[in-house]
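Provided below are the primary sequence and the corresponding predicted coordinates.
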Amino acid sequence: MTRPVVAITIGQNHYGRMFTPAAWAALDAFADVIHHAGPEPADKTSLLALLPAADACITSWDVAQLDADVMAAAPRLRAMAHMGSSVKRFVSDALWAAGVRVTSAGLALAMDVAETTLGLMIVGMKRVWPLGQHVRAGGWRETPWWPARELFGKEVGIVGASNVGRHVIKLLRPFATHVLVCDPFLLPENAAELGAELVELDDLLRRADVVSLHAPAKPDTIHLLNAERLALMKDDALLINTARGSLIDEAALIAELRRGRFFAFLDVTDPEPPAADSPLRRLENVVVIPHIAGCIENCGRMGELAAEELRRFFAGEPAIYPIRPEMFERIA
């Protein structure tokens, strides 16, 4: 039986961080692999040259879209496994019309973002950043930021029951938190299955000790947290954004942070990076990190999941995380 041909399009500079030995072994077990020869992700010209021989492909950040021209040149292509967050930019009507099965390894990336989010919750509640700065300046426990607090038993608000949001809820279980979740696509019984209480956003903001954003960037989520909603947050609350910067009205956030009521960890901003003179770079009750919540040095879980998705496709098995056009209403 002829083995399928899988094209790797991500650029060979990225192999070390995206594919583990286990991923390569898994691909080799069922497929012949061909490679985009360039060091960086394949552009359209490279896809036009590579994909005519491929039955499936693995894509990732910065690979060119599989548009009508690319699909016309790739009559054998039947499956696409994407490694990254949103797959929306990489697909086209022509790809859907060709019946290509699309999967996403975003579930694996979500685990990395969720783990970072949990870490920020712990160090945020412990006041690690302001207390560390205070000690560096010569102080100890006389600061108003003392005493530090624990995550255990607190109310945690999850805005968006995305793959990341759901994994954060799972990671919170050992901490006996009461999880509040807000998501327009979630039913109360689905929230209960996750171990959370479904609430409206304003209620979540009023009640939560920790507010963590995991919603997609869409027209109806721009400035989801505006001045009125930021004002609802509890004094001494912790705000975490590892989703998209556009979810927060930055000017309103800066105004609220200047009041000193709560602390924020921002992995994402709008614009990104913040302007050189942005108060977000100077205010003492906010820490901005350079969009690193997802995997940086080791994205091997995504490579392994992409390989498994293609193995399942050619074995006639259901996908772990299939992507369909009708899902785009919910995802970025």
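Arrived safely, thanks for sending. These numbers come from a predicted model, not from an experiment.

can you give me the offset of stretch 15-24 from its chain's centre?
For stretch 15-24, the separation from the chain centroid amounts to 20 Å (computed by C-alpha atoms, centre = their mean, to the nearest Å).

mind listing what's buried in that stretch?
Residues 17-20, 23-24 are the ones in stretch 15-24 that count as buried (16 or more other C-beta atoms under 10 Å). For the C-beta atoms, the positions are set from N, CA and C on the backbone; glycine is no exception.

I'd like those as a markdown table, with pLDDT, distance to residue 251 and secondary structure appended.
Listed next are the buried residues of stretch 15-24 as a markdown table, based on pLDDT from 0 to 100; distance: C-beta to C-beta, whole Å; DSSP: H, G, I helix; E, B strand; the rest coil:
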| residue | pLDDT | distance to residue 251 | secondary structure |
| --- | --- | --- | --- |
| 17 | 96 | 36 | helix |
| 18 | 97 | 37 | helix |
| 19 | 97 | 42 | coil |
| 20 | 97 | 43 | coil |
| 23 | 98 | 44 | helix |
| 24 | 98 | 48 | helix |
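
which one of those residues is nearest to residue 97?
Proximity of the buried residues of stretch 15-24 to residue 97 (C-beta to C-beta) peaks at residue 18, which lies at 28.8 Å.

so the closest one makes contact with residue 299?
Yes: with contact defined as C-beta atoms under 8 Å, residue 18 reaches residue 299; the gap is 5.0 Å.

list the residues that contact both of those two?
Common contact partners of residue 18 and residue 299 (C-beta atoms under 8 Å, 6 or more residues apart in numbering): residue 83.

how many residues are close by residue 177?
A count of nearby residues for residue 177, using other C-beta atoms under 10 Å, gives 21.

please tell me how far it sits from residue 168.
Noted for residue 177: a distance of 10 Å to residue 168, by C-beta to C-beta, to the nearest Å.

same check, this time on residue 136
Residue 136 sits at a distance of 30 Å from residue 168 (criterion: C-beta to C-beta).

settle it for me: which of those two has more neighbours?
residue 168 (28 against 8).

quick check: closest non-adjacent residue to that one.
residue 114 (4.6 Å; C-beta to C-beta, 6 or more residues apart in numbering).

tell me, what residue is most central in the chain?
The centre of the chain sits closest to residue 110, judged by C-alpha atoms, centre = their mean, with a distance of 5.1 Å.

and that residue, how far from residue 241?
To residue 241, residue 110 is 15 Å away according to C-beta to C-beta.

cool, and residue 194?
Distance of residue 194 to residue 241, computed by C-beta to C-beta: 21 Å.
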